Structure formats: structure tokens, C-alpha cells
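[1] Just to be clear, the model below is a prediction. Sequence and coordinates:
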Amino acid sequence: MENTVKTILISQVPIPYKKTGSWTTMYGYYIEHFKHKIDYIICDENHTDNKSVQYQHLRGVSVLDKIQNKFIKGKRYNNYFEALDKIIEPNTKYIIQIVDNKGVVNPLHHFLSKKHNRSNFCVQYFYHGFILNFKNNEGAQFFKSIDELFLLTKQAQLELNKVYGETGLKIRYLHNGVNSEVFKTIAYSEKIELRQHNHINTDELVFLWCSQDRPKKGLDIALAAFDKVHTKYSKTKLLVVGVNKVIEQSGVEVIGKVPNKDLPKYYQMADVFLFTTLCEEGFGLVLAEALKCGCYCIASNFGGVPEVLNFGKYGVLINEPFKVDKWVIEMENAVSEFEAKGENPYLKDLPKNSYNLEDWCKQMNVFIDEASIKLHNS
């Protein structure tokens, strides 16, 4: 009998996922709104399972499991492998996709090699950080345990080659995708109407910061820089999204945590977006969202971020983002640009379909097709 090839996504969370997340949002869209090529999803039970894919739900973790997980290496993923065994059939080959779950990789390779024919599987690992970090010599085993590695930027691939040299892997990159039907520029009249509806002065220059409240996201840097800018330019405002704490600072308005579906209006109301990350981000999805909504973007020159801004063609990069004064200079430059021209000068260079989620879905299908052909012919 001729071999068929099917694709399995192993996910730490249910897909579609109700909460905010980058890769979960993309996979959710891919599953719900695109002619996708995922046959099975292994994940926790979800009450909104999609009918276009078959689910193999993970069994619950018992007290005995927790004890074994603590003392026996690799045991913590037994429920994943039990789920896999319920899917795997004779005369079928499989593409297995894993996203960011680094710990499952080596145990999965061991399981497939011991219980099945490992050559009947192509393990695709998608990493959404910037550079993979390993303890001791774990990296060599990790690279041997997967067949294809997908990174977010070319920069990440260059860094990986620098750190680990030749891995023997097929390494490619796939930018994050943003829904262009939702995250988009709007007419000036619509922007004014949005601001009026949300009680934001139409004559203010609005800065926006949007992230989680963690030190490495640089909120303190944004607040300190804005304080200096606001002292000099009183008709400025800073909206802070994603943070619930009280911030008593002139010109600052805390919006709090916002569902993903409500985010576009805040980008669209803003003039300048501050991406003050103090770590090596893999991509910066909110940065891409802000770009597509027409924001003048100022961002840290770390990790994959410069590639998102096309190395300064789509926005401003800060080389020393830990220094508040560097942000103050570029924020004041932004104020001057809007005072002189009344618009974002970088917007004209941004291609309309940059970081389009539909393109991400199409490329995902290409990668699955290529792996399928290779398995089919092997």
C-alpha cells in the first residue's frame, strides 16, 4: 500500500486559544479561516474545538505522574506520547510540528526511535525566540532530534550559525503574521472620530506603549523618557496598554489589559509606538501590528527587531536602549516630524502586505507540502 503523509501539531495549549498569544493567534487563524494542512492537534481539551481538524486530547496528569515526572527523566511527556500512539497508523508517515516546547523534543525523538520507524517522521520545530540556549552539550542532541528548524528572522539564523556552527539541519525562517483586515491604517477622519469616542484630545501627539508588565519590556524606560518629552511638549500623551497598575504621571493614561480584538483601535489612535524591549526579542508581534496600523515606530535595536523595521527603513532603531536620553532624542524627533509634516514619514516605505497573516498561512502550507513530498519519496 502506498504511504500517505499526515500532519500533527503538538500544542501546549488548546487551539484555537481563547487568550492572547502570538503563535496561538496565528495557528488559530490558520485552523479557523484558511485551507490548512493540519490533520491532528494534540492538546488539552477545548470546548471550542474546530471541526476541520481531528483532536487527540491529552489525558489529565495524575499524582503518580507528577511523582514520576520529578524523578524519571522524560516521563513528564508520557501523556503526549500516549496521544500520539492513538493517532499513528501503519502505512502512514507523519510531519510533527512543535512550537517553542523545547523540552519535548529529545524525549519525542527517543520515543519515535524506540517504538516506531523514526525515518517515517519529519519533526518540524518552530522557535519564536531569537537564539536557542542550551545547558552544557544539550544543543547537539536537540539538533539531532529534529529534522527542520524554523526561525522568525534571517538575523536569528545568522546568530544560530555563529553560536552553533553547522547543525546539519534544514533551517529556514518564517516571519510572524498579522491580520491585515484588522490591523490596518485608517483615514485621518476615522482617527479623529476614534479619539473623540475614547476621550482623547484630537490635538495631542499620542505615544503608545503596549506589552506585558515585565522589567525586560522596558516600561520604566518609556515612562522616564516620556516624562522629559512631556515637560517640553505639553500637548503629548502616553497610552499604556497591557498593564493594570496605577501610574500617576502627567500625560500618562493606563488602559489596562486589552483583548487582542480590541487592540487595533489603540494603534490607530496613536501617532508614535514605543517598543522599549530590553531583551533579544525573536520578532516583536506588537511592533508589526503597530507598523501595519500606521504608527511611527521607535524600537530597541535588539534581536530580530531591526529586521522587523527593515534595519531602519520602516522606523527608528535605538542602539543603546537602556539609556533614557536616547529615547528622549528620538521621541522629540518624532514630535518635530509630526509638527512639520503632520504624518509618519516612514509609512510610504512600508509595503501594504508586509507581515500579512494570509501570507504566513500560505507559507506554512508550502513548508508542510515540501516535507510531505520528501517523506513520501523516502
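    Great, that's in hand.
[2] So in the chain, which helix runs the longest?
    helix 357-377 (DSSP state H).
[3] For Thr231, pull up the helix or strand it's in.
    Using DSSP states H and E, Thr231 falls within helix 219-232.
[4] list the helices and strands the longest helix of the chain packs on?
    With contacts taken as 3 or more CB pairs under 8 Å, 6 or more residues apart in numbering; DSSP states H and E, helix 357-377 sits against strand 4-10, helix 22-33, strand 92-99, strand 121-126, strand 148-151. Where C-beta positions appear, they are placed from N, C-alpha and C, glycine not excepted.
[5] list the contacts for Ile329?
    By CB atoms under 8 Å, 6 or more residues apart in numbering, the contact list for Ile329 is empty.
[6] can you tell me the average pLDDT over the host helix or strand of it?
    For Ile329, the element it lies in under DSSP H and E is helix 324-341. Mean pLDDT, helix 324-341: 96.
[7] mind listing what's buried in that helix?
    324, 326-332, 334-335, 337-338 (16 or more other CB atoms under 10 Å).
[8] got a markdown table for the residues you listed, with distance to Asn91 too?
    A markdown table is the format used below for the buried residues of helix 324-341 (distance: CB to CB, whole Å):
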| residue | distance to Asn91 |
| --- | --- |
| Val324 | 63 |
| Lys326 | 61 |
| Trp327 | 60 |
| Val328 | 65 |
| Ile329 | 64 |
| Glu330 | 60 |
| Met331 | 62 |
| Glu332 | 66 |
| Ala334 | 61 |
| Val335 | 66 |
| Glu337 | 63 |
| Phe338 | 64 |
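[9] Spell out the residue ranges of the helices in this structure.
    Secondary structure of the chain (DSSP H): helices at 22-33, 63-71, 78-87, 105-115, 138-145, 154-164, 188-197, 219-232, 263-269, 285-292, 305-308, 324-341, 357-377.
[10] Could you dump these into TSV with distance to Gln249 added?
    Output for the helices of the chain, formatted as TSV (distance: least, CB to CB, whole Å):
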stretch	distance to Gln249
helix 22-33	29
helix 63-71	45
helix 78-87	47
helix 105-115	45
helix 138-145	44
helix 154-164	34
helix 188-197	20
helix 219-232	6
helix 263-269	18
helix 285-292	21
helix 305-308	26
helix 324-341	14
helix 357-377	35
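[11] that older thread, only alpha carbons, please: show the helix holding Ile329 as CSV.
    Written as CSV, here are the backbone C-alpha positions of helix 324-341 (Å, rounded to 0.1, in the frame of the first residue of the first chain):
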residue,chain,number,x,y,z
VAL,A,324,16.7,57.1,28.6
ASP,A,325,18.2,60.1,26.8
LYS,A,326,18.5,58.0,23.6
TRP,A,327,14.7,57.6,23.7
VAL,A,328,14.1,61.2,24.5
ILE,A,329,16.1,62.3,21.5
GLU,A,330,14.1,60.1,19.1
MET,A,331,10.8,60.9,20.7
GLU,A,332,11.4,64.6,20.3
ASN,A,333,12.5,64.0,16.7
ALA,A,334,9.1,62.3,16.2
VAL,A,335,7.3,65.3,17.7
SER,A,336,9.2,67.6,15.3
GLU,A,337,8.4,65.4,12.3
PHE,A,338,4.7,65.5,13.0
GLU,A,339,4.7,69.2,13.7
ALA,A,340,6.5,69.9,10.4
LYS,A,341,4.8,67.3,8.1
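[12] just so I know, which of the helices and strands packed on helix 357-377 lies nearest Gly256?
    Among the helices and strands packed on helix 357-377, the nearest to Gly256 by CB to CB is helix 22-33 (19.6 Å).
[13] Which secondary structure element of this structure has the lowest mean pLDDT?
    helix 63-71 (a mean of 63; mean pLDDT, DSSP states H and E).
[14] re the thing from before, mean neighbour count, mean pLDDT and distance to Phe275 for the helices and strands packed on helix 357-377 - can I get that in JSON lines?
    Output for these, formatted as JSON lines (neighbours: other CB atoms under 10 Å; pLDDT from 0 to 100; distance: least, CB to CB, whole Å):
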{"stretch": "strand 4-10", "mean neighbour count": "20", "mean pLDDT": "96", "distance to Phe275": "29"}
{"stretch": "helix 22-33", "mean neighbour count": "20", "mean pLDDT": "91", "distance to Phe275": "14"}
{"stretch": "strand 92-99", "mean neighbour count": "22", "mean pLDDT": "97", "distance to Phe275": "23"}
{"stretch": "strand 121-126", "mean neighbour count": "22", "mean pLDDT": "97", "distance to Phe275": "22"}
{"stretch": "strand 148-151", "mean neighbour count": "22", "mean pLDDT": "96", "distance to Phe275": "20"}
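[15] can you redo those as JSON lines with distance to Val366?
    Listed next are the helices and strands packed on helix 357-377 as JSON lines, based on distance: least, CB to CB, whole Å:
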{"stretch": "strand 4-10", "distance to Val366": "13"}
{"stretch": "helix 22-33", "distance to Val366": "13"}
{"stretch": "strand 92-99", "distance to Val366": "13"}
{"stretch": "strand 121-126", "distance to Val366": "12"}
{"stretch": "strand 148-151", "distance to Val366": "12"}
